[in-house]
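A.B. asks: quick check, what structure comes out for this input:
(2 chains, ligands or ions: 2)
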Amino acid sequence: MKILIKNGIVVTDEYEKRQNVFIENGIVSRIEENYSADADMVLDADGLYVLPGLVDAHCHLRDPGYEYKEDIVSGTRSAAMGGFTSVACMPNTNPVADNKTVIRYIIDKANREGVVHVFPIGAMTKGLRGEELAEIGEMKEAGIVGVSDDGRCVENSSVMKKVMLYARMFNLPVICHCEDSRLSEDGVMNEGALSTEMGLRGISKAAEEIMIARDVILSKRFDVPVHICHVSTVLGVEIIRYAKRTGVKVTAETCPHYFTLTERACAGYNTLAKVNPPLRNEEDVEAIIRGLCDGTIDIIATDHAPHHMDEKNVEFDKAANGMVGFETALPLSYTVLVKGGHISMRELVRKMSTKPAEILGIDKGRLIEGKMADITIFNPNVDYQIDISKFVSKSKNSPFHGFHVSGKVVATIVNGRIVVKDGELVV
Amino acid sequence: MTINKKDILGIAELSRDEITSILDTASIMKRIIQSGDKKTNYLRGKTVLILFYENSTRTRVSFELAAKYMGADTININVSVSSVAKGETLVDTGKTLNSMGADVIVIRHNMSGAPHLLAKHVNASVINAGDGMHEHPTQALLDMFTIREYYKTLSGLKVAIIGDIYHSRVARSNIIGLAKMGAKPVIYGPATLIPPEIEKMGAKIAPTINDALYQADVVMGLRMQLERQKNALFPSKSEYARFFGINQVNLSLAKKDALWMHPGPVNRGVEMTSGVIDGFNSVINEQVTNGVAVRMALLYLLAGRENMKVSRHASGTVDIPVQEACV
Ligand SMILES: [Zn+2]
Ligand SMILES: [Zn+2]
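C.D. replies: Ligands and ions are numbered 1, 2, ... in the order given. The predicted model follows:
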């Protein structure tokens, strides 16, 4: 199969230029202005961006165990609709992905039925209990690209140190969900005026910041690179900025909701806006954007967290944490960050494709000749309202319904295979 | 005299005028209660469901009496022993009750926002009888009613609210309501029990209990949730009483005729000494009576209006159409 993508503006982390892209047998064989060759399919990308397929370093596919929320099939289709060609899924499944058997199951199922590349992340500790090391070496052999107890924090600093030292032997990034859960005290939203007014237990920003500081300190002391998940506060950004300045090998991510929404989204007990870490305040949103601008925050991840309606249509205290994210991530990021004048399109590509691949150590995220053809074509010129009923994900738990955004994924090509065309799934 | 609402979910949702209407209506209801023949027919043919997910004999009985005095049929549902145990969700329960034709659902729930969730899924009027740490609007209304009876107005009064503000829906509703009506709520309690940024709701935090009580027109104690002791929010009952308790000594800083209030039930000797609870200025028992009147007013305003016309004369006096409405 030969595909020619004509007249698009190719954006990589290095350049932005009108180029034609020719794909042969799943490989990008030519990137050249006005290049022409016989093709089985020609995609006219005039006025559109042609990007290296997006890489999500943090998502939840809920498979195995919670397939009623999402599974590898629906999750990867949803990812493809959002322009992601590779996703790294977290291990808080049931059973927990803390051993090679579950990892193999995920990889096999993704190879058989998935429509984008799936890279599992293994648990740091057995059962995500934060006590004993999981079989990280065996999971590495089975194909994990990192370790994380996401959803929970390894609170015992001694265990965390061992995780770091051990994961380093296998060259795996240590991916940290930072939360001092004793300090967050069963909180359900950001602690402040609104939690007081709504009578909901607040989660102090300190609960996140303390653990960011700890992990950064451990990283420094034991010389192990760490990756900080979903940064959401001013001080969190500042700690990472300081750490980077002093040479700590730390990278960080945030998610679109942390630079688009404040805690106000929870008003009226809107459980769709219940996430962990919780949505914060205006000054945090500004700090996250500044952190993205100056490179303190390296990447944008979705933390795609599907939940069934029944898990959200309950009292706020009882509602599950998380929102779906694949299908809104690029339009939100483009609208707020690029159209908002904060970062360039090249920088966005770096944060959503090149750099996440680099952090995970996977050979993705670059659109260059000779590499596997993972490509996203994005039309920046459409304005529309987000409609959750059109999501391909099994779950619709998004607070972004009705949001005005710009930019739509037109096509997603995975390994030279067209998965999304004209904005519709074709697989 | 109207309120423009399907539900009473919190004081926050009520305007100053609506609060005034409710309090005015409650004074009529209080006169009905005192008239001897309490039974009216304003809610004849209506069904009031009392749905409690949390025990509170006081509030439940108060609502039940209010509904009975208004001529409604009442049904008590104690959820802890029925459907929740079977895994039914609040939304399911609400839909079921709605199909059964409830006109008003009074709900008490241990989670903040539960009445709001219920209200979205039922046609019946929902009255919040206390939700989590959020609001307890009928308690605040009866407190404001009680204060207004004595002072004729709420405007300009210094109201000291002392105790566990963090867990208290009574405190939150009172702070919002009092501030809205022009009073000056001042709070005091252990720092571990003062929620963050509470000032934004309209309350001042006093630096000491003496500052809180000084020249207060009203002193309101809050119930200490002693079972929360295990969370180490304060060291001991005796230490609490020593530093945060209301006694006759520190009360002497308040105005001479200040009202002493408490939503009850009181932990004697912890939040208040017996001398205060049973003291001359204590209106704790009156609060209970007024509670029934306020709840009758709300039921009337939400569901019983079409059965009666209340008119206010230019002079400010109000007809009490007890006889006309009774059959
Ligand atoms: Zn997490
Ligand atoms: Zn996550």
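A.B. asks: per-residue confidence at B:Arg312?
C.D. replies: For B:Arg312, the pLDDT comes out at 43.
A.B. asks: again but with A:Thr260, I slipped
C.D. replies: 98.
A.B. asks: right, and it touches A:Gly340 too?
C.D. replies: No - A:Thr260 is beyond contact range of A:Gly340, at 10.1 Å (criterion: CB atoms under 8 Å). Heads up, the C-betas are built off the backbone N, CA and C, glycines and all.
A.B. asks: which of the two has more residues huddled nearby?
C.D. replies: Shown here are A:Thr260 and A:Gly340; by other CB atoms under 10 Å in any protein chain shown, A:Thr260 has more neighbours (22 against 12).
A.B. asks: where do the domain boundaries of chain A fall?
C.D. replies: Structural domains annotated on chain A: A:2-49+A:372-425, A:54-360, as defined by automatic domain parsing.
A.B. asks: and for chain B?
C.D. replies: The record's domain parsing of chain B by automatic domain parsing lists B:11-134+B:289-325, B:137-286.
A.B. asks: surely A:His401 and A:Ile388 touch.
C.D. replies: Yes - the pair A:His401 / A:Ile388 is scored as a contact, 4.5 Å apart, by CB under 8 Å.
A.B. asks: neighbour count winner among those two?
C.D. replies: Neighbours per residue (other CB under 10 Å) separate A:His401 from A:Ile388, with A:Ile388 holding more: 18 against 14.
A.B. asks: run through the residues that contact that one.
C.D. replies: A:Lys396, A:Ser398, A:Phe400, A:His401 (CB atoms under 8 Å, 6 or more residues apart in numbering or on different chains).
A.B. asks: how far away is the second one from chain B?
C.D. replies: With distances defined as CB to the nearest CB, to the nearest Å, the gap from A:Ser398 to chain B amounts to 18 Å.
A.B. asks: confidence score at that residue?
C.D. replies: Model confidence at A:Ser398, given as pLDDT, is 98.
A.B. asks: which SS state does it fall under?
C.D. replies: Three-state call for A:Ser398 (DSSP: H, G, I helix; E, B strand; the rest coil): coil.
A.B. asks: go ahead and confirm it touches A:Ser389.
C.D. replies: No - with contact defined as CB under 8 Å, A:Ser398 does not count as touching A:Ser389 (10.7 Å).
A.B. asks: these two: which is more packed in?
C.D. replies: A:Ser398 (20 against 6).
A.B. asks: for A:Glu282, see how far away that one is.
C.D. replies: To A:Glu282, A:Ser398 is 21 Å away according to CB to CB, to the nearest Å.
A.B. asks: now the weakest link among the domains of chain B, please, by mean pLDDT.
C.D. replies: With a mean of 86, domain B:11-134+B:289-325 has the lowest mean pLDDT of those.
A.B. asks: so how far is that one off the chain centroid?
C.D. replies: How far domain B:11-134+B:289-325 lies from its chain's middle: 12 Å, per CA atoms, centre = their mean, to the nearest Å.
A.B. asks: what's the answer for stretch B:159-171, then?
C.D. replies: Offset of stretch B:159-171 from its chain centre (CA atoms, centre = their mean): 13 Å.
A.B. asks: adding distance to A:Thr412, write the domains of chain B out as CSV.
C.D. replies: Converted to CSV, the domains of chain B look like this (distance: least, CB to CB, whole Å):
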stretch, distance to A:Thr412
domain B:11-134+B:289-325, 37
domain B:137-286, 44
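A.B. asks: enumerate every residue touching residue 115.
C.D. replies: Going with chain A. Neighbouring residues of A:Val115 by CB under 8 Å, 6+ apart: A:Val73, A:Thr76, A:Arg77, A:Ala79, A:Ala80, A:Val414, A:Val419, A:Leu425, A:Val427.
A.B. asks: was after chain B, sorry
C.D. replies: The contact partners of B:Pro115, by CB under 8 Å, 6+ apart, come to B:Asp7, B:Leu9, B:Ile107, B:His109, B:Val126, B:Ile127, B:Asn128, B:Asp131.
A.B. asks: try it again with 10 Å
C.D. replies: A:269, A:315, B:7-10, B:51, B:90, B:94, B:105-109, B:126-132, B:134-135, B:137 (CB atoms under 10 Å, 6 or more residues apart in numbering or on different chains).
A.B. asks: let's verify it: helix, strand, or coil?
C.D. replies: Relying on three-state DSSP, one would call B:Pro115 helix.
A.B. asks: thinking again about what came up before, make CSV from the domains of chain A and add distance to B:Ile176 to it.
C.D. replies: As requested, the domains of chain A are arranged in CSV below (distance: least, CB to CB, whole Å):
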stretch, distance to B:Ile176
domain A:2-49+A:372-425, 26
domain A:54-360, 8
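A.B. asks: looking at those domains, which is buried most?
C.D. replies: Highest mean neighbour count among the domains of chain A (mean count of other CB atoms under 10 Å in any protein chain shown): domain A:54-360, with a mean of 22.
A.B. asks: ranges for the helices of the chain?
C.D. replies: I'll assume chain A. With DSSP state H, the ranges of helices along chain A come out as A:72-81, A:100-113, A:136-142, A:157-169, A:181-184, A:193-198, A:205-222, A:234-245, A:256-260, A:282-293, A:326-333, A:345-349, A:355-360.
A.B. asks: hm, I was asking about chain B
C.D. replies: Counting by DSSP H, the helices of chain B are B:16-34, B:57-69, B:90-99, B:114-121, B:137-151, B:169-180, B:209-213, B:237-244, B:248-251, B:274-277, B:284-299, B:322-325.
A.B. asks: quick one on the thing from earlier: so which of the domains of chain A comes closest to B:Lys152?
C.D. replies: domain A:54-360 (29.7 Å; CB to CB).
A.B. asks: next one: that closest one to chain centre, how far?
C.D. replies: Relative to the chain's own centre, domain A:54-360 is displaced by 7 Å; criterion: CA atoms, centre = their mean.
A.B. asks: how about it, does it reach ligand 2?
C.D. replies: Yes - judged by CB under 5 Å from the ion, domain A:54-360 comes into contact with ligand 2 at A:Asp150, A:Asp303.
A.B. asks: what's the local residue count around B:Ser15?
C.D. replies: Other residues close to B:Ser15 by other CB under 10 Å number 12.
A.B. asks: residues contacting it?
C.D. replies: B:Ile3, B:Asn4, B:Lys5, B:Ser21, B:Lys180.
A.B. asks: tell me if I'm right that B:Leu302 and B:Asp103 touch.
C.D. replies: Yes - in this structure B:Leu302 lies within contact range of B:Asp103 using CB atoms under 10 Å: 8.3 Å.
A.B. asks: so is stretch A:201-217 next to chain B?
C.D. replies: Yes - for a cut-off given as CB under 10 Å from any CB of the partner chain, stretch A:201-217 has contacts with chain B, namely A:Arg201, A:Gly202, A:Ser204.
A.B. asks: thanks a lot, see you next time.
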